[in-house]
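K.L.:
Sharing a sequence plus its predicted fold:
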Amino acid sequence: MPANIVLGAQWGDEGKGKAIDQLAPDSTWAVRFQGGNNAGHTIVFGDTTLKLHQIPSGVTSMDCNLVLGDGMVIDPWVLEEELERWFSLTEERPEGNRLFISERASVILPFHRLYDSADKIVGTTGRGIGPAYRDRIERVGIRFCDISGVISDMDKISNITIRMNKQLDSVGVSERITPESLKSDLQWILDRYPNTIRHTGLMIDSALQNGEQILLEGAQGAMLDIDQGTYPFVTSSVTSRANATHGAGIHPGHVEQCFGITKAYTTRVGNGPFPSELSLNGGPGQHMAEVGHEYGTTTGRPRRTGWLDMVALCDAHRFNGYTGLVVTKLDVLGGLDEIKICVGYDFDGEVIKYFPSTSDEVARCKPIYETHDGFPSLSDEEWISMADRSRSEGIGYAAMPDKVRHIVERIEFLSGISVVSVGVGPDRKASIAKIGGPFDVRSE
Ligand code: GDP
Ligand code: IMO
Ligand code: MG
């Protein structure tokens, strides 16, 4: 059995958590391969809402093993909070049993969080992600497998703290790291995660050899990719398909499907250019923010909103090669008179359909729209009953009213990617799957 990948196709928060939760019952491993607790992935079933930052979203399937993979930067204290929340909900302790931390993943320490707090440009999540990846690239970071070696060498501990304090000083942060606090933090990690820190690449590879199904869970989105996104307003990792297997410690030949998740509109948290951005004060931008509850899952910051941007989506497809698209939050557009889709940019008088390489140039791009009829707003229950009918009658997208289905068909046509599932509400049941497609599996 192969590996399938779920990736954000925009600037994050597209609904990756929901898609992973839907696919996980058919997988025996769910693996995060990059990023850290800058991610916030939401799963909703009935009255329960789970917000996960590092635990893979396959956690809801009890037969699914969970890996925090090689390519991640991991905050062990935030992980502890997540695990405690999961325990209070389920009384299960997955760590060391079905949840494993890669020994090659990097540790996010208090130093990284403090250093990140000095960011004034990107509008980061402040979780220490960039500084932890910077240490990794500079080859001075501490990976989980390095911890015991560092603890037993007081010279190393002291040199590391001197470096950290110099760097904090250089960005005007007054807090300091002491050798004692660094040593006790590292010791805490070893004590808290016995049997959990493993060579996870070997575990996943052997699962593949046993014919098991692997799900690779992306965080952030294509436009936040360090190489391909709107640099410098990006995150510090490769969020794309090319890194999914690498960050999990397996090879790309295992991949069968790669799903891109996109909202039926666009959101962005943090700074940086956003050509199809709308005002949050009135009009469709405010409608999207209010009806879609567009607040960051990790930081609670209001998300910026705008129309669906096909230039961004097609660019994301260029370097990810999606085999299927999941369109989420179509329900949120209900009640708008008209729905626009950005199909190109006016760039200094020239029509272009690609992303220029500098953020200044992207900021000069003016969106060119096509306009479609809107459709009435429906309640959560009405959308769920539409999805139920689609499943029980096996009619797929025919369950949607014409004007709703028209938007889906237009996205499919403009992107050239098969739309395999359409989200019509936060609940795991509020999705309409394409007949015969990879999401057309559960008609409980
Ligand atoms: P992720 O980071 O990609 O996992 O996405 P987030 O969880 O940060 O943000 C997506 C938000 O949209 C969450 O609150 C989800 O519960 C919600 N959501 C996901 N799919 C849908 C959908 O189809 N309709 C609506 N209304 N909400 C959705
Ligand atoms: P999920 O996985 C949305 C954004 C931040 C900031 C930039 C860099 O939930 O989709 P960082 O802390 O990573 O150095 O911040 O990236 N960002 C996200 N935006 N969803 C996310 O994750 C994000 N993770 C980082 O807002 O603009
Ligand atoms: Mg999110």
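P.N.:
Yep, that arrived. Residues are numbered from 1 along each chain as shown. Ligands and ions are numbered 1, 2, ... in the order given.

K.L.:
In the chain, what residue lies closest to ligand 1?
P.N.:
residue 423 (2.2 Å; C-beta to the nearest ligand atom). Every residue, glycine included, has its C-beta placed from N, CA and C.

K.L.:
who's the residue lying closest to that residue once chain neighbours are set aside bridged to?
P.N.:
With sequence-adjacent residues excluded and distances taken as C-beta to C-beta, 6 or more residues apart in numbering, residue 423 is closest to residue 328, at 3.5 Å. Judged by DSSP bridges, the bridge partners of residue 328 are residue 263.

K.L.:
What residues of the helix or strand harbouring residue 344 count as buried?
P.N.:
Using DSSP states H and E, residue 344 sits within strand 338-347. In terms of neighbour count (16 or more other C-beta atoms under 10 Å), strand 338-347 has its buried residues at 339-345, 347.

K.L.:
which among those gets closest to ligand 2?
P.N.:
Distances from ligand 2 to the buried residues of strand 338-347, taken as C-beta to the nearest ligand atom, are shortest for residue 342 (19.4 Å).

K.L.:
Which strand residues bridge the closest one?
P.N.:
Beta-bridge partners of residue 342, as defined by DSSP bridges: residue 309, residue 369.

K.L.:
What residues does it make contact with?
P.N.:
275-276, 307-311, 367-369 (C-beta atoms under 8 Å, 6 or more residues apart in numbering).

K.L.:
sorry, back to before: roughly how far is the strand holding residue 344 from the heart of the chain?
P.N.:
Relative to its parent chain, strand 338-347 has a centroid offset of 25 Å by C-alpha atoms, centre = their mean, to the nearest Å.

K.L.:
Show me what the mean pLDDT comes to for it.
P.N.:
What strand 338-347 shows for mean pLDDT is 98.

K.L.:
could you point out which element follows that strand?
P.N.:
By DSSP H and E, the next helix or strand past strand 338-347 is strand 350-352.

K.L.:
tell me the pLDDT at the residue nearest to residue 417 when sequence neighbours are not counted?
P.N.:
Using C-beta to C-beta, 6+ apart and skipping residues adjacent in sequence, the residue nearest residue 417 is residue 325, 4.4 Å away. At residue 325, the pLDDT value in this model is 98.

K.L.:
dump the residue contacts of residue 325.
P.N.:
9, 259-262, 411-412, 415, 417-420.

K.L.:
Would you mind putting the residues you listed into JSON lines with pLDDT and distance to residue 134 alongside?
P.N.:
Shown next, in JSON lines, are these (pLDDT from 0 to 100; distance: C-beta to C-beta, whole Å):
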{"residue": "9", "pLDDT": "98", "distance to residue 134": "27"}
{"residue": "259", "pLDDT": "98", "distance to residue 134": "30"}
{"residue": "260", "pLDDT": "98", "distance to residue 134": "28"}
{"residue": "261", "pLDDT": "98", "distance to residue 134": "28"}
{"residue": "262", "pLDDT": "98", "distance to residue 134": "30"}
{"residue": "411", "pLDDT": "98", "distance to residue 134": "37"}
{"residue": "412", "pLDDT": "98", "distance to residue 134": "40"}
{"residue": "415", "pLDDT": "98", "distance to residue 134": "35"}
{"residue": "417", "pLDDT": "98", "distance to residue 134": "34"}
{"residue": "418", "pLDDT": "98", "distance to residue 134": "39"}
{"residue": "419", "pLDDT": "98", "distance to residue 134": "38"}
{"residue": "420", "pLDDT": "98", "distance to residue 134": "37"}
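
K.L.:
Pull out the buried residues from those.
P.N.:
Buried among those (16+ other C-beta under 10 Å): 9, 259-262, 411-412, 415, 417, 419-420.

K.L.:
Quick check: which element contains residue 88?
P.N.:
Going by DSSP H and E, residue 88 is part of helix 76-90.

K.L.:
tell me which residues in that helix are buried?
P.N.:
So helix 76-90, judged by 16+ other C-beta under 10 Å, has buried residues 76-79, 82-83, 86.

K.L.:
I'd like the next helix or strand past that helix.
P.N.:
For helix 76-90, the succeeding helix or strand toward the C-terminus, using DSSP H and E, is strand 99-102.

K.L.:
now for that next one, which elements pack on it?
P.N.:
strand 65-68, strand 197-198, helix 200-209 (3 or more C-beta pairs under 8 Å, 6 or more residues apart in numbering; DSSP states H and E).

K.L.:
ok, 10 Å please
P.N.:
Strand 99-102 sits against strand 29-32, strand 65-68, helix 76-90, strand 197-198, helix 200-209, with contacts defined as 3 or more C-beta pairs under 10 Å, 6 or more residues apart in numbering; DSSP states H and E.

K.L.:
on contacts alone, who are the packing partners of the shortest one?
P.N.:
When contacts are defined as 3+ C-beta pairs under 10 Å, 6+ apart, strand 197-198 packs onto strand 99-102.

K.L.:
Could you give the separation of the strand it packs on from the chain centroid?
P.N.:
With C-alpha atoms, centre = their mean, you get 18 Å for strand 99-102.

K.L.:
Could you check how far residue 385 is from residue 421?
P.N.:
17 Å (C-beta to C-beta, to the nearest Å).

K.L.:
Looking at the two, which has the bigger crowd around it?
P.N.:
When residue 385 and residue 421 are compared for neighbours, residue 421 comes out ahead with 25 against 15, by other C-beta atoms under 10 Å.

K.L.:
What residues does that one make contact with?
P.N.:
The contact partners of residue 421, by C-beta atoms under 10 Å, 6 or more residues apart in numbering, come to 15, 18-19, 22-23, 259, 261, 324-328, 396, 431-434, 437-440.

K.L.:
May I have the beta-bridge partners of it?
P.N.:
residue 326, residue 433.

K.L.:
just the helices in the stretch 1-150 of the chain please.
P.N.:
16-23, 76-90, 110-116, 129-137, 147-151 (DSSP state H, counting those that start in this stretch).
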